[in-house]
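S.K.: Pasted the sequence and its predicted model underneath.
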Amino acid sequence: MTRTHPSALSRRAFCLCCVASSGFAATSGLTPRQAFAEARGLVSLIKDSAATSPIVVHKLRHNVSVLEGSGGNIAVLTGPDGKVMVDAGIGVSRQQLMKALANLGPEPITTLINTHWHFDHTDGNTWLNSVGAKIIAQDNTRKYLSEVQRVEDWDYNFLPPAADGIPSQTFADALDLKLNGISLRLKLYAPAHTDSDISVNFAEANIVHVGDTFWNGVYPFIDYSTGGSIDGTIAACDVNLAAATADTVIIAGHGQPVSNKSELKEFRDMLVGVRKNVATLKRQGRTCDEIVAAKPTAAYDAKFGAFVIDPGFFTRLVYEGV
Ligand SMILES: [Zn+2]
């Protein structure tokens, strides 16, 4: 376990401090410490909700299913090589997930792939490893999960998982696997939502899990502290669109999990539209607060504004990158 210099981490720890410093603090006039309490409350809220929410199972094709209800959307491929999971969800969902997984078939869970390092995709790593899953991820996911995320401003330590929750097999750019008769391709994006994002393609099924490069029907979080940006997120959408056909099932990281090229295109066009509006106002010399007040997301709020990343917070995330 290593400790990075606090100043390098002052904005890290997933959305904790971003929510606190740029979202709640600015919109509700809280002091930083109060705002942090709000942010910590949000994480508790996500965990509490995962603990009680039922897992909804969406059966797709070629023995691929999606489990919805524990943090990020989870893909599962079943077959004689054992269950292959893409993302681990939140640890407190263990009992609910076990039930849903058992209903998909009797085989053990042998493989877990993390799409990126955020806790709502990796918090379940430790229990999944304890039941036999080998964890595979991109190099940066392993790196971030191996560090204490000390956030000095908020006097907060975001602890890494136990050692057995850290990916044991990693890769730099791409990894090809053949499991349960399906050709799996794990591929790193250029920095997008973070600099650890990968897609997981199930070739014969024409299904792809694109992780948090796509939030279906909701504004996305963008993690600038670990390499994410609005432009990188748009570029990842373009990569996803270029690879998809009309028949491709696209699994989104958040929002309605079972999606397609046309919904992804709507998401991409929203990102481009908001980026343009925010950049125009910023070029005119407006402050971040003034730009939030000008509501540059207004045309999209009815469709995308109903999730945890609200219009004001999303505007701030875009502002940071233009
Ligand atoms: Zn994420």
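M.R.: Sure thing, it's come through.

S.K.: pLDDT averaged over whichever helix or strand R142 is part of - what is it?
M.R.: Assigned by DSSP states H and E, R142 belongs to helix 139-145. Taken as a whole, helix 139-145 carries a mean pLDDT of 94.

S.K.: which residues touch it?
M.R.: For helix 139-145, contacts defined as Cβ atoms under 8 Å, 6 or more residues apart in numbering pick out 114, 116-117, 122, 125, 137, 160-161, 165-167, 170-172, 194-196, 226-227. Using the backbone N, CA and C atoms, a C-beta is placed for each residue, glycine as well.

S.K.: just the buried members of these?
M.R.: Burial by neighbour count, judged by 16 or more other Cβ atoms under 10 Å, picks out 114, 116-117, 122, 125, 137, 160-161, 165-167, 170-171, 194-196, 226-227 from the contacts of helix 139-145.

S.K.: and the helix or strand encompassing L112, what does it pack onto?
M.R.: Using DSSP H and E, L112 falls within strand 109-113. In terms of contacts (3 or more Cβ pairs under 8 Å, 6 or more residues apart in numbering; DSSP states H and E), strand 109-113 is packed against strand 83-86, helix 125-130, strand 134-138.

S.K.: Give me the buried stretch members for the helix or strand just after that strand, please.
M.R.: Downstream of strand 109-113, the first helix or strand assigned by DSSP H and E is helix 119-122. For helix 119-122, burial by neighbour count (16+ other Cβ under 10 Å) applies to F119, D120, H121, T122.

S.K.: near the ion, anything from helix 119-122?
M.R.: No. Applying Cβ under 5 Å from the ion, one finds helix 119-122 separated from the ion by no less than 6.2 Å.

S.K.: Kindly format the C-alpha coordinates of that helix as PDB.
M.R.: Taking C-alpha atoms only, helix 119-122 is exported to PDB below (Å, rounded to 0.1, in the frame of the first residue of the first chain):
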ATOM      1  CA  PHE A 119     -15.800   2.000  -6.000                       C
ATOM      2  CA  ASP A 120     -19.300   1.400  -7.500                       C
ATOM      3  CA  HIS A 121     -17.600  -1.000  -9.900                       C
ATOM      4  CA  THR A 122     -15.000  -2.500  -7.700                       C
END
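
S.K.: got a list of contacts for that helix?
M.R.: By Cβ under 8 Å, 6+ apart, the surrounding residues in contact with helix 119-122 are 14, 43, 46, 71-72, 87-90, 114-115, 141, 145, 158, 161, 165, 211-212, 253.

S.K.: Which ones among those also lie next to the ion?
M.R.: Residues of the contacts of helix 119-122 in contact with the ion (Cβ under 5 Å from the ion): D212.

S.K.: out of the contacts of helix 119-122, which are buried?
M.R.: Buried subset of the contacts of helix 119-122 (neighbour count, 16+ other Cβ under 10 Å): 14, 43, 46, 71-72, 87-90, 114-115, 141, 145, 158, 161, 165, 211-212, 253.

S.K.: Tell me how far L281 lies from the ion.
M.R.: 27 Å (Cβ to the ion, to the nearest Å).

S.K.: Tell me who's in contact with that residue.
M.R.: Here L281 is in contact with E290, I291, A294, P296 (Cβ under 8 Å, 6+ apart).

S.K.: surely the last one meets V274?
M.R.: So that's P296. Yes. Between P296 and V274 there is a contact under Cβ atoms under 8 Å: 6.0 Å.

S.K.: Report the set of residues contacting both of those two.
M.R.: By Cβ under 8 Å, 6+ apart, the residues touching both P296 and V274 are T315, V318.

S.K.: Flag every residue of the stretch 101-250 of the chain that's near the ion.
M.R.: Residues of the stretch 101-250 of the chain lying near the ion (Cβ under 5 Å from the ion): H118, D212.
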